[in-house]
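Trainee: Using only what follows, build the 3D model:
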Amino acid sequence: MTLDLKRFSKDSHDIQVINALSEAPNLNDSQNARAIESPNLMAVSKKNIVTLEAPSSTSVTANNVNINAVNDGNDLQINSFDPNNLNGEAQPIDEIVNGFRTCLRYFLPPNWHMDKETVSSLDNIQLSRFPLEDFFDQYEKGLKKLISSFQQDAQQSSHRLSFVRKMVAKLLKTINEDFEIDPECDSEEVDNLLELCLQQALAHARSSNNAA
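Mentor: Got it, this is the predicted structure:
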């Protein structure tokens, strides 16, 4: 991209508008740049990319183009123009868009009408219109349902463990009435006593085998 804007003077302070222009070789002649309000302001360009109003000293970023201009009353001078920043914001924006797609795929509700591949193919316009409110509403409902299912499973497991421990406590008490344990006990005490009984039984079995 090139920009060739030259100094121009005007007696009237009302003329404070310049056009910053860039090359676009494929445009028609009717779209070529022309001098604005004064033959002393010349531009070599083929596409208008930004209009800058500079009543005094101005630094403007428009369409990713940095332009500095100074108006001292009669003279309007372009001090600097940075074409290197034309795509300066493109990469961060692309990263944000890709991050948005990743989040949508990660939190995709089980019954959402799009699959992950469809979400990955959405363009920027489609992403800007994505129904986030409905999306997170379904995600929240699915998450609550999943948590409720885990809680029910945990309760069932707890009840089953309590039942088994009570049965073991009764069995141990039946085998040996000297065991000091409540038949309705369902705590870790049952586990410890059962482990002790198992160790004693194994030790007795080994002793019997050695004696034989």
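Trainee: CA only for contacts and neighbour counts going forward, please
Mentor: Fine.
Trainee: Quick one: the strands in this structure, in order.
Mentor: 8-9, 17-22, 47-53, 57-62, 65-71, 75-82 (DSSP state E).
Trainee: Walk me through the domains of the protein.
Mentor: Annotated domains of the chain cover 8-85, 90-152, 157-211 [automatic domain parsing].
Trainee: Against residue 203, how distant is residue 167?
Mentor: 24 Å (C-alpha to C-alpha, to the nearest Å).
Trainee: for residue 195, same thing?
Mentor: Relative to residue 203, and taking C-alpha to C-alpha, residue 195 is found at 12 Å.
Trainee: and what of residue 119?
Mentor: 64 Å.
Trainee: Residue 160 now?
Mentor: From residue 160 to residue 203 the distance is 30 Å (C-alpha to C-alpha).
Trainee: what does residue 170 give?
Mentor: According to C-alpha to C-alpha, residue 170 stands 23 Å off from residue 203.
Trainee: Between the two, point out the one with more neighbours.
Mentor: With neighbours defined as other C-alpha atoms under 10 Å, residue 170 and residue 203 compare such that residue 170 has more, 19 against 11.
Trainee: Might one say that that one is in contact with residue 183?
Mentor: Yes: at 4.6 Å, residue 170 and residue 183 qualify as touching, with contact defined as C-alpha atoms under 8 Å.
Trainee: Tell me how many other residues surround residue 128.
Mentor: Residue 128, neighbours per other C-alpha under 10 Å, totals 11.
Trainee: oh, and call the first residue 524 from now on, that's how I've got it
Mentor: Fine by me, first position is 524 from now on; the one you just mentioned is residue 651.
Trainee: What pLDDT does the model give it?
Mentor: The score at residue 651 is 94. That number is its pLDDT.
Trainee: Then residue 534?
Mentor: Reading off the model, residue 534 has pLDDT 44.
Trainee: go on, residue 732?
Mentor: 82.
Trainee: got it, and residue 702?
Mentor: Per the predicted model, pLDDT is 80 at residue 702.
Trainee: swap in the one 4 residues further on?
Mentor: Taken from the predicted model, the pLDDT recorded for residue 706 is 86.
Trainee: residue contacts, it?
Mentor: 689, 690, 692, 693, 696 (C-alpha atoms under 8 Å, 6 or more residues apart in numbering).
Trainee: Over to residue 669?
Mentor: Contacts of residue 669 (C-alpha under 8 Å, 6+ apart): none.
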